[in-house]
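1. Here is a sequence with its predicted model. Questions after.
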Amino acid sequence: MKRSSLPRGLLIVLAACGGATITLPLLPRNDSGQVGTASLFDKGRDTQVVIETIGGQDNGRQLAHIRTGECSDAGIVQGFVLENLVPLEGGESTTLVENRAVLDLQGARYNITVQNSGDPSHATTCGLIP
């Protein structure tokens, strides 16, 4: 994962062409030690989601989703299943979410959750989409 000087909060950048890019921190859950960022890039009617993580002890294939609710909630997967990530293979995931613009995801109480490979009911890292 590229190191950045992002504050512990979130960063919202509006691109010159009018497209929104949002980068949010992914904070550890369930004492996982896994952290990272999720970036949402405006692709017109679609959104590209890029997850980058580091840390933690889970080296298996981890599921990633966009869920409803806060990170402390179990939340319901809203049909936004993201590409799996594997920490030993760089801990990255890139997914194009079709027919859902960045602005559709903002302010709607969605979060991005990465789950433990051995027990998907336990999140390893999560971040709230502002």
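-> Here it is on my side, so go on.
2. what's the distance between residue 107 and residue 52?
-> 24 Å (C-beta to C-beta, to the nearest Å). To be clear about C-beta, it is placed using only N, CA and C from the backbone, and glycine gets the same treatment.
3. Compare those two and say which is more crowded by neighbours.
-> residue 52 (20 against 9; other C-beta atoms under 10 Å).
4. Now do the same for that one: helix, strand or coil?
-> The assignment at residue 52 comes out as strand when based on DSSP: H, G, I helix; E, B strand; the rest coil.
5. what sits opposite it in the beta ladder?
-> Counting by DSSP bridges, residue 52 is bridged to residue 37, residue 92.
6. And the pLDDT at it?
-> Note on residue 52: pLDDT of 97.
7. Next: the one 5 residues further on.
-> Note on residue 57: pLDDT of 90.
8. May I have the predicted confidence score for the nearest residue to it once chain neighbours are set aside?
-> Excluding its sequence neighbours, the residue lying closest to residue 57 (C-beta to C-beta, 6 or more residues apart in numbering) is residue 33, at 6.8 Å. pLDDT, residue 33: 95.
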